[in-house]
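# Need the 3D shape of this:
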Amino acid sequence: QVQLVESGGGLVQAGGSLRLSCAASGRTFSKNAVGWFRQAPGKEREFVAAISGSLGNTYYADFVKGRFTIFRENAKNTVYLQMNSLKPEDTAVYYCAASRFGTVVPGRESDFGSWGQGTQVTVSS
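Take a look at the predicted model:
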């Protein structure tokens, strides 16, 4: 099973940017779908973005379309989430997750078997 470590979270003002990283160890995951989810205090975890293996098709939740970009750098066994135009409502713990499949149903958590520990993103107004 692949181990995932997120990094890149922090405190940023509204309108700012952050880039989250999800580094995998244990095995390469270039052919596996990877997703980003987030959980705000008092709320359920929700889907943010996903990228398929091989073809690299991307999927986004409506609330991040045009602001967030998911991409992968296979040479570094890492998937990134570039977050621009951040809003206070983007404040949450962000988790990356890897599937054992190359394609997934975007947002279906059960498709993802490996999860990172999460990284906190706080957007101040």
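# mind checking pLDDT for the residue nearest to R67 when sequence neighbours are not counted?
Excluding the flanking residues, the one nearest R67 by C-beta to C-beta, 6 or more residues apart in numbering is S85, at 4.6 Å. (Glycine included, C-beta is placed from N, CA and C.) On pLDDT, S85 comes in at 98.
# neighbours around S85, how many?
Neighbourhood size, S85 [other C-beta atoms under 10 Å]: 13.
# repeat for the one 3 residues further on
P88 has 11 neighbouring residues, counting by other C-beta under 10 Å.
# Distance-wise, check it relative to V105.
30 Å (C-beta to C-beta, to the nearest Å).
# could I get stretch 111-125 in PDB with only the CA atoms?
Coordinates of the C-alpha atoms in stretch 111-125 are reproduced here as PDB (Å, rounded to 0.1, in the frame of the first residue of the first chain):
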ATOM      1  CA  ASP A 111     -12.600   4.400  -4.500                       C
ATOM      2  CA  PHE A 112      -9.600   5.600  -2.600                       C
ATOM      3  CA  GLY A 113      -7.800   3.200  -0.300                       C
ATOM      4  CA  SER A 114      -4.800   5.200   0.900                       C
ATOM      5  CA  TRP A 115      -5.000   8.500   2.700                       C
ATOM      6  CA  GLY A 116      -2.600  11.000   4.000                       C
ATOM      7  CA  GLN A 117      -2.700  12.600   7.400                       C
ATOM      8  CA  GLY A 118      -3.900  16.000   6.100                       C
ATOM      9  CA  THR A 119      -2.600  19.500   6.000                       C
ATOM     10  CA  GLN A 120      -4.300  22.600   7.400                       C
ATOM     11  CA  VAL A 121      -5.200  25.400   5.100                       C
ATOM     12  CA  THR A 122      -6.500  28.600   6.800                       C
ATOM     13  CA  VAL A 123      -7.600  31.600   4.700                       C
ATOM     14  CA  SER A 124      -8.100  34.800   6.600                       C
ATOM     15  CA  SER A 125     -10.500  37.500   5.500                       C
END
